[in-house]
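1. structure for this input, please:
(2 chains)
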Amino acid sequence: MNKLILFRMLQEEIRLNTSFASGKGFFSFPILVLISGLLAVLFSDAMIEDMGYKDYLQILHISAIFYGLFAGSLAFFGNEFLERIFGYFGLIIGLSATQPITQRKITLLYFLKEIIFYTLFTMIPALIGAIIGSYYTDINPVHLLIFSFTLYISFCTGISFAYYISSFYRISTSYTVMAASTFLIFYSALFYGNEITGSLDWYLEGTMNLLLLGLAVPIVLSLIATINIKEHNMSGSINLIGYKNRFEEYNQKYSWAKRMSIPGIIAKERIDLERSKTGTKMFFSFLFPLGFLTFMNWFLDKGLPIQIDFNTIFYGVMIGFFGTMLYSWLNSIDTPHFYSTLPIQVSDIIRARLFLFGTITWWIPLIFMTLISYMSNELNLLPIGLIVMVTVGVYIVNYTAMSTGLKTNSALFDAFVFIKFFLISVPPMIAMTILSLAINHKPSTILVALSIICGILSLLSLIFYKRIDLKWNNESFD
Amino acid sequence: MSVINCNNLSKRYDEIEALKKVVLEVNEGEFFGLLGPNGAGKTTLLKILTCQLKSTEGNAEVFGLDTSNEFTSIKPRISIVPEQESPPSFLTPREVLELVVSIRDIGKKNIDYWLEFFELDSMEGRVCRNLSRGQKQKVMLASAFISETKLMFLDEPFINLDPLVQSKVREWLMEYVKTGGTVFINTHLLENAERLCDRAAIIHKGKIQSLFTLKDLKKQDLTLEELFHEIVK
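-> Below is the predicted model:
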């Protein structure tokens, strides 16, 4: 029976993903991963030369842990997201409510399904790409296979950590924080003075004990998580009464914006944003990528022979790019199904959300930009950084809105949409990053070049905005 | 005068033919029921008629306007209660009705009436995500009823409603039709259809199998359930 449930869960996962994106788009994703694996190996010599052998392997392990964590978070914290977007969404994991199977067992099967799914659709294609790449380099395929095995353990550590955390999250937030802190302290104590993962230490130093410890970590984490899952969970109280009527107030307030969207819709979306407390989630979702960037900054400083400092303009580019996240959050607050009963179009909602992006959520990037420039003693660069941030933000968000409509997250699962998004977003970002890093060498030339790029991006933003109606009018809300 | 017209309407989802050459006409002031088992094509037809879905072949007209490209002219003139109760999660019932009248550009005077009608007035300050399924369905019905349109599309509107509210809704709908409104209702609750509809069609496997008036059915001493069983078996 377990095998059958596992198999059906895998089928369900594939069907769920192909319902988000086109079948072709979804099944092309492993090819993209394969190409990434190939490129990673082809450029590994250059990276090792720049960063150093050990540091390069270390960052690959950190990335594998984070990837596992990301995949696990999607799996174990994605249900609420799915329900918000699609309304009721019945998955096999919910079977324990109606069938004689324990929550513990079905959640464990779900966890195993996640590992199998990501192994088949991302880890194996990446490995195949890497093996193909090794044919064109001096890398020994056997060493590559062994290293991939150690990376896989790191991936499992990340995904099982998400499983572990989710089992405490079912109980309460304070338990979650305590469980996460306990694990991090325990893990740091366990590997203190060694490499970041036991398997990497084994790969580099041949310490078998650490390999076994490294292997034990995901097993113990998933074991604790499984034991921790009970049949009945505590549930928080429902906020029954107390919301003040805000619609009319906001409807009046936004009457001036009727040329951009319908004020009533802006008012509704604004209320959604406030009551769902998505603003706080948006704020914290900026912390992770910015923390990663700061880490990269530190890492490159440590690894590269030349000094590179990410300045305020660079952060302007990055934070502008993260505008996509803000737009994506706006799309994940509530299901748009109710709108199908009203005489409005999908493009009206997109424009209302763009309006909110520009007028309500601007404080989040502004806070980060000001903090970063202050902490880097670069307040003089803040005005340019802000202009760059706004331009990149408006450009990328308009493109995201035009290409993905109201389903940003799921649309980006489609490899074709993702490739287009990549091609539209990455080249200008690379150009601006290079220019920002060179600002101290020829400031006037760099400023002229930045202005030209900002001008082009603004023009393109306008084109993307105009095309929203063309693409999304007459589309359904389903 | 007909308000709904379907001419050889077909809809295909990949390999599945959800609708097969549907021919249908609904007249103004009629209470029309589309009956059928689960998966018969009822919701697909309703979605085409309410401009939410495009047909593969044939065409559908509402008020003489093509539903595939006259969205902006049709939508303000119809109200819809979809199959799934999905009022905005973070608005209170009052705010939902305020949103509806604001978008439809109609007066606010009836908001209190409809809140009271559906006993939603006691839900002041409560957002829809915290309501029961029945209460959410009431919000959906109130949103449609407040719209003051001449044509109403209802997809399984009685699901989740308690018997008292069902009876109130039935009475209101009958009064609405008497005063010139038209109702197109999808249901598999035959008892409700029998009480309400002037005319009905039974759809099975995407095809209209039978089109009849309830009066004729009674004359033939046949119940809707008997006919339904005969066709769907």
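
2. how near is the spatially closest residue to residue A:106 that is not a sequence neighbour to residue A:222?
-> The shortest distance from residue A:106 to any non-neighbouring residue, by CB to CB, 6 or more residues apart in numbering or on different chains, is to residue A:96 (4.9 Å). Placement of C-beta: from N, CA and C, glycine included. As judged by CB to CB, to the nearest Å, residue A:96 and residue A:222 stand 18 Å apart.

3. between these two, who's got more neighbours?
-> The residue with more neighbours, out of residue A:96 and residue A:222, is residue A:222; 21 against 17, by other CB atoms under 10 Å in any protein chain shown.

4. what about the closest residue to that one other than its chain neighbours, how many neighbours?
-> Computed as CB to CB, 6+ apart, the closest residue to residue A:222 that is not its neighbour in sequence is residue A:160, at 4.5 Å. For residue A:160, the tally of surrounding residues (other CB under 10 Å) stands at 25.

5. which SS state does the residue nearest in space to the middle of chain B fall under?
-> The structure's chain B has its C-alpha centroid closest to residue B:154; by CA atoms, centre = their mean the separation is 1.4 Å. With DSSP: H, G, I helix; E, B strand; the rest coil as the basis, residue B:154 sits in strand.

6. for the one 4 residues further on, same thing?
-> With three-state DSSP as the basis, residue B:158 sits in coil.

7. now do the same contact list for it.
-> Shown in contact with residue B:158 (CB atoms under 8 Å, 6 or more residues apart in numbering or on different chains): B:166, B:169, B:187, B:189, B:192.

8. check contacts around the second one.
-> This means residue B:169. By CB under 8 Å, 6+ apart, residue B:169 lies in contact with B:141, B:157-158, B:161.

9. from chain A, how far out is it?
-> As judged by CB to the nearest CB, to the nearest Å, residue B:169 and chain A stand 17 Å apart.

10. so for the strand or helix carrying that residue, what gets flagged as buried?
-> Secondary structure assignment for residue B:169, by DSSP states H and E: helix B:163-178. Using 16 or more other CB atoms under 10 Å in any protein chain shown as the test for burial, helix B:163-178 gives B:165-166, B:168-169, B:173, B:176-177.

11. which members of the contacts of residue B:169 are classed as buried?
-> For the contacts of residue B:169, a burial check counting by 16+ other CB under 10 Å picks out B:141, B:157-158, B:161.

12. farthest pair in the residues you listed?
-> Spatial extent of the buried ones among the contacts of residue B:169 (CB to CB) is set by the pair B:141 and B:158 at 9.5 Å.

13. ok and the residue in the stretch 301-450 of chain A nearest chain B?
-> For the stretch 301-450 of chain A and chain B, the shortest gap (CB to the nearest CB) falls at residue A:343, measuring 3.5 Å.

14. related to what we said a few turns ago, list of residues touching the very next helix or strand once past the helix holding residue B:169?
-> Per DSSP H and E, helix B:163-178 leads on to strand B:182-187 as the next helix or strand towards the C-terminus. Contacts to strand B:182-187, defined as CB under 8 Å, 6+ apart, come from residues B:3-4, B:26-35, B:42-43, B:45-46, B:49, B:83, B:150-158, B:173, B:176-177, B:193, B:196-197.

15. repeat that for 7 Å
-> Residues from elsewhere that reach strand B:182-187, judged by CB atoms under 7 Å, 6 or more residues apart in numbering or on different chains: B:3-4, B:26, B:28-35, B:42-43, B:46, B:150-157, B:173, B:176-177, B:193.

16. returning to what we had before: just checking, the residue nearest to residue A:106 touches residue A:103?
-> Yes. Using CB atoms under 7 Å, residue A:96 is in contact with residue A:103, at 4.5 Å.

17. up against chain A, what does chain B have?
-> Within chain B, the positions near chain A by CB under 7 Å from any CB of the partner chain are B:52-53, B:71, B:75-76, B:80, B:82, B:84, B:86-92, B:94-95, B:98-100, B:102-104, B:125-127, B:130, B:143.

18. now the helices for chain B?
-> With DSSP state H, the ranges of helices along chain B come out as B:42-49, B:71-74, B:93-104, B:111-117, B:133-145, B:163-178, B:190-196, B:214-219, B:224-232.

19. ok, which of the ones you listed comes nearest residue A:430?
-> Distance to residue A:430, taken as CB to CB, is lowest for helix B:71-74 among those, at 41.5 Å.

20. what residues sit buried inside the closest one?
-> For helix B:71-74, using 16+ other CB under 10 Å, the buried residues are B:71, B:74.

21. and the residue nearest to residue A:106, how far from chain B?
-> 21 Å.

22. which residues touch that residue?
-> Applying CB under 7 Å, 6+ apart to residue A:96 gives the contacts A:102-103, A:106.

23. ok so it is a helix residue?
-> Yes. Membership of residue A:96 in a helix is supported by three-state DSSP.

24. how many neighbours does residue A:279 have?
-> 15.

25. quick check: it touching residue A:273?
-> Yes. With contact defined as CB under 7 Å, residue A:279 reaches residue A:273; the gap is 6.3 Å.

26. overlap in contacts of the two?
-> Overlap of the contact sets of residue A:279 and residue A:273 (by CB under 7 Å, 6+ apart) is empty.
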